[in-house]
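K.L.:
Return a 3D structure for these sequence lines:
(one chain, ligands or ions: 1)
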Amino acid sequence: MEFKTIIEPFRIKTVEPIRQTSRAEREHAIRVAHYNPFQLRAEDVLIDLLTDSGTGAMSIYQWAGMMRGDESYAGARSFFAFEQTVHEITGFKHVIPTHQGRAAEHILSQAMVNDGVIVPNNTHFDTTRANIEARRGVALNLPIAEGHQPATLHPFKGNMDLAALERTLREKRGQIPMVMCTVTNNSEGGQPVSMANVRGVSELCKQFGVPFIIDACRFAENAMFIKMREPGYEDQTPMQIAQEMFRLADGCTMSAKKDGMANIGGFLAVNDDALAERCRNSLILTEGFPTYGGLAGYDLEAIAVGLREALSEDYLRYRIRTVEYLSERMTAAGIPTVRPAGGHALYLDAKSWLSHIPQSEYPGWALSVALYTVGGIRACEIGSVMFGKQPDGTEKFSELELVRLAFPRRVYTQSHMDYVCEVLIYLHTVKDKIRGVKIVQQPSALRHFTAKFAPVAESVLSD
Ligand SMILES: Cc1ncc(COP(=O)(O)O)c(C=O)c1O
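P.N.:
Numbering: from 1, shown residues only. As a prediction, this is how the structure comes out:
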């Protein structure tokens, strides 16, 4: 008899208490934080869904690995354990540790990107875009059309538009130093990319002689989606699927804070000897010696173990099911979300949910403030506050106003998720009473982290 209930595939050995707060305490805390959830103290948050990056719980094997950490400056045993694991999964010849994903992107951009070149991707993550633009390159997004349509169902909504990529490679010949593909596609709702699509990108890159680099942060979640949704992969393990995917590319950047199951770390891995040498030279300048790259020996051990744990089928089935469960409950309650559910997060569609709030009053931001005020849940707006301010200072509203509920790995249980559902369903009953916000002070760039806000009415929620 096979039972249907998908359980958390772990038992809890160490716990971190979380603190219940009263509505009055939360109203005070968010006011003091100038209505910016990034400015809250984490202790005032009950369920923290701000990000899945570096917020996961480590296993007993990772902690045991940390005790094995070899802190030698050069040639540490821990580096070789790390290198061997990355090599086994990705097959890439050169493995270069970094302190997190953006450091790998920075080093790669320094080696590959110059004035005016174009780097296509399905959708660039903000730090990838920023690193390319810092080298005066153009970060070009080529997602399939369905990627922009929250309610349209598609099994691989993170795919790249292959026809658009081919056109770009043909028309901009000589101006493209590399093509990237982000798995899963974080900026488009954590949606997966199919193996067929990765293969298509790989073939085009070979045809035009351009290196192909995978942004691999959530490679294990992507592999599981391929197993679950792409014909021909049902009987393969996530490890085999990941290995096949990496074989199609020339290198990858990685934030080990996601599918490395670690609290810090990352790497760059490539096949090209000359490129690896350029990258290692720049690594020494910015991160450290090539066998530690800004990490402690114990971090390298935690990542070496974590990368394998992330590929466990039981774990991946539970992880994907958690997000899907929340998504199904939202759909049943009539709350609009990006569908199907992504791998690491559920994205609420605030623009259609709170259609009474104009974009000039930032519906996604208002929703994130209401979520905290009512239930102590912290989420992240991905909309006009994050993307609306243009380099020339003007405001251009974002196409989508989303609120991302990102799931830390192995941290919350089903009852935490049931609580999140209860809060959201309550908000649905009072949604017309949620009011917008205005910005009262903002920095010149990346304003969402530090901007100060105020409600346009007396309060964001008068329920
Ligand atoms: C797709 C993607 N690429 C790159 C990064 C950057 O990684 P890090 O935060 O470790 O610098 C992230 C982090 O959220 C990401 O989601």
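K.L.:
Where does the nearest residue to residue 450 once chain neighbours are set aside sit, in terms of helix or strand?
P.N.:
In space, and not counting its chain neighbours, residue 450 is closest to residue 443: 5.5 Å by C-beta to C-beta, 6 or more residues apart in numbering. The way it works is simple: take the backbone N, C-alpha and C, and place the C-beta from them, glycine included. Using DSSP states H and E, residue 443 sits within no helix or strand.
K.L.:
residues from the stretch 51-200 of the chain in reach of the ligand?
P.N.:
53, 100-102, 125, 127-128, 182, 186 (C-beta under 6 Å from any ligand atom).
K.L.:
Does the residue nearest to residue 450 touch residue 452 like I think?
P.N.:
No: counting by C-beta atoms under 8 Å, residue 443 stays clear of residue 452, with 10.1 Å between them.
K.L.:
what's near enough to touch the residue in the stretch 251-400 of the chain positioned nearest to the ligand?
P.N.:
Residue nearest to the ligand within the stretch 251-400 of the chain (C-beta to the nearest ligand atom): residue 255, separated by 3.1 Å. The contact partners of residue 255, by C-beta atoms under 8 Å, 6 or more residues apart in numbering, come to 53, 100-102, 104, 217, 265-266.
K.L.:
could these be laid out in JSON lines, adding secondary structure, neighbour count and distance to residue 414?
P.N.:
Output for the contacts of residue 255, formatted as JSON lines (DSSP: H, G, I helix; E, B strand; the rest coil; neighbours: other C-beta atoms under 10 Å; distance: C-beta to C-beta, whole Å):
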{"residue": "53", "secondary structure": "coil", "neighbour count": "20", "distance to residue 414": "23"}
{"residue": "100", "secondary structure": "coil", "neighbour count": "23", "distance to residue 414": "30"}
{"residue": "101", "secondary structure": "helix", "neighbour count": "26", "distance to residue 414": "29"}
{"residue": "102", "secondary structure": "helix", "neighbour count": "19", "distance to residue 414": "33"}
{"residue": "104", "secondary structure": "helix", "neighbour count": "33", "distance to residue 414": "35"}
{"residue": "217", "secondary structure": "coil", "neighbour count": "27", "distance to residue 414": "25"}
{"residue": "265", "secondary structure": "coil", "neighbour count": "28", "distance to residue 414": "29"}
{"residue": "266", "secondary structure": "strand", "neighbour count": "29", "distance to residue 414": "31"}
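K.L.:
who's more crowded, residue 443 and residue 452?
P.N.:
residue 452 (14 against 11; other C-beta atoms under 10 Å).
K.L.:
How many residues are close by the residue lying closest to that one once chain neighbours are set aside?
P.N.:
Nearest non-adjacent residue to residue 452, counting by C-beta to C-beta, 6+ apart: residue 34, 3.6 Å away. Burial of residue 34 is recorded as 16 neighbouring residues (other C-beta under 10 Å).
K.L.:
Tell me the secondary structure of residue 34, please.
P.N.:
coil (DSSP: H, G, I helix; E, B strand; the rest coil).
K.L.:
where's it relative to residue 356, distance?
P.N.:
Distance of residue 34 to residue 356, computed by C-beta to C-beta, to the nearest Å: 24 Å.
K.L.:
for residue 227, same thing?
P.N.:
Taken as C-beta to C-beta, the span from residue 227 to residue 356 is 42 Å.
K.L.:
Which one's more surrounded, these two?
P.N.:
residue 227 (20 against 13).
K.L.:
Do I have it right that that one meets residue 236?
P.N.:
Yes: with contacts counted by C-beta under 8 Å, residue 227 reaches residue 236, the gap being 6.3 Å.
K.L.:
interface residues of the stretch 251-400 of the chain facing the ligand?
P.N.:
Counting by C-beta under 6 Å from any ligand atom, the stretch 251-400 of the chain sits next to the ligand at 255, 257, 266.
K.L.:
Make a markdown table out of those residues and add pLDDT.
P.N.:
Below are those laid out as a markdown table (pLDDT from 0 to 100):
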| residue | pLDDT |
| --- | --- |
| 255 | 98 |
| 257 | 98 |
| 266 | 98 |
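K.L.:
TSV please, covering those residues and showing distance to residue 365.
P.N.:
Shown next, in TSV, are these (distance: C-beta to C-beta, whole Å):
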residue	distance to residue 365
255	25
257	25
266	29
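K.L.:
Which pLDDT does the model give residue 394?
P.N.:
Reported pLDDT at residue 394 in the predicted model: 89.
K.L.:
ok, now residue 127?
P.N.:
89.
K.L.:
any idea how far it lies from residue 38?
P.N.:
Counting by C-beta to C-beta, the gap from residue 127 to residue 38 is 16 Å.
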